[in-house]
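Peer 1: Provide a 3D model corresponding to the input given below.
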Amino acid sequence: MVIVFAGPSLTGTGSAGPGVSLRPPARCGDVAAAVRERPAAIGLVDGLFETAPSPWHKELLWALSRGIAVYGAASMGAIRAAELLPFGMVGVGRVFELYRDGVIEDDDEVAVQHGPPELGYVHLSEAMVNVRATMAAAHRASIVGEDVRDAVVHAAKSLFYKDRRWDLILERSGRDGASAEQLGRLRAWLPGNAVDLKREDACALVARLAAAGARHSAPASPAFQSTAYWKALERRLAPPSATAASARRRSRAPLAANPQ
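Peer 2: Next up, the predicted model:
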């Protein structure tokens, strides 16, 4: 079994395929809890970052230290894969490559506003990486020139990530002086041609994990250093029975003669 944490980046894809357990976007503790299930691999696509604490880098390092292959793509997973590449995390897709190569570095490049799980995490805003990819495609198709391409990208970047919708992006581009004629062509072209780079990368990650099944090479296990914060997380994730047993053992332990 492989476990993949995803949400808005995989909207509309349906089933992830046999052998892939699709979980909601990861929050702090979810990856560490998944390690206890001993999957062949863990894939991180989407993670929470505003409504709940994000998954720690330490959780991914712990998975690697346990010999579990860890992959990242498309969104938060691409960022974490670029950051933890030296420790054995594997990045998949173009978004990962953009972070790895330093072409982009801001977290807001992949952030989106989305609906609840009941609505399939439907997108309510556009990811900046998707805007960049879409405008590159529009320029290649001669829908817009370089100046309008760059003006639209600049307008999108100037908006708060929750406000990045095509109507607002094009409206701001027009106010900034972009050609009304080219923006009109772009508006007509977008519905059937906008590029969803995040979805492409997320699908590529799921396909790669599904194809490999249980055949994942274990990475070289990095040395894992525990910390007080990590121990606190472990206690929080421990089953209630284990926590109670640990408390009983501590209550029975004799006091140290010379505590440090």
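Peer 1: identify the residues contacting the helix or strand where residue 198 lies?
Peer 2: Using DSSP states H and E, residue 198 sits in helix 197-212. Helix 197-212 is contacted by residues 2, 4, 6, 8-13, 16-20, 22, 40-41, 43, 45-46, 71-75, 77-78, 92-96, 110, 127, 129-130, 133 when judged by CB atoms under 8 Å, 6 or more residues apart in numbering. C-beta here means a position set from N, CA and C on the backbone, and glycine is covered the same way.
Peer 1: how about stretch 114-122?
Peer 2: For stretch 114-122, using CB under 8 Å, 6+ apart, the contacting residues are 7, 8, 10, 11, 12, 24, 25, 46, 123, 124, 125.
Peer 1: give me the neighbour count for the last one.
Peer 2: For residue 125, the neighbour count with other CB atoms under 10 Å is 21.
Peer 1: again with the third one
Peer 2: Residue 10 sits with 23 neighbouring residues when counted by other CB under 10 Å.
Peer 1: residue 45 is in contact with that one, correct?
Peer 2: Yes - the pair residue 10 / residue 45 is scored as a contact, 6.6 Å apart, by CB atoms under 8 Å.
Peer 1: let's see the helix holding residue 198 as PDB, backbone CA atoms only.
Peer 2: C-alpha atoms of helix 197-212 as PDB (Å, rounded to 0.1, in the frame of the first residue of the first chain):
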ATOM      1  CA  LEU A 197       0.100  22.400 -13.900                       C
ATOM      2  CA  LYS A 198      -0.600  21.300 -10.300                       C
ATOM      3  CA  ARG A 199      -3.100  18.800 -11.400                       C
ATOM      4  CA  GLU A 200      -0.800  17.400 -14.000                       C
ATOM      5  CA  ASP A 201       2.000  16.900 -11.500                       C
ATOM      6  CA  ALA A 202      -0.300  15.400  -8.900                       C
ATOM      7  CA  CYS A 203      -1.600  12.900 -11.400                       C
ATOM      8  CA  ALA A 204       1.900  12.100 -12.400                       C
ATOM      9  CA  LEU A 205       2.800  11.400  -8.800                       C
ATOM     10  CA  VAL A 206      -0.200   9.100  -8.200                       C
ATOM     11  CA  ALA A 207       0.500   7.300 -11.500                       C
ATOM     12  CA  ARG A 208       4.100   6.700 -10.500                       C
ATOM     13  CA  LEU A 209       3.200   5.400  -7.100                       C
ATOM     14  CA  ALA A 210       0.400   3.200  -8.400                       C
ATOM     15  CA  ALA A 211       2.700   1.700 -11.100                       C
ATOM     16  CA  ALA A 212       5.400   0.900  -8.600                       C
END
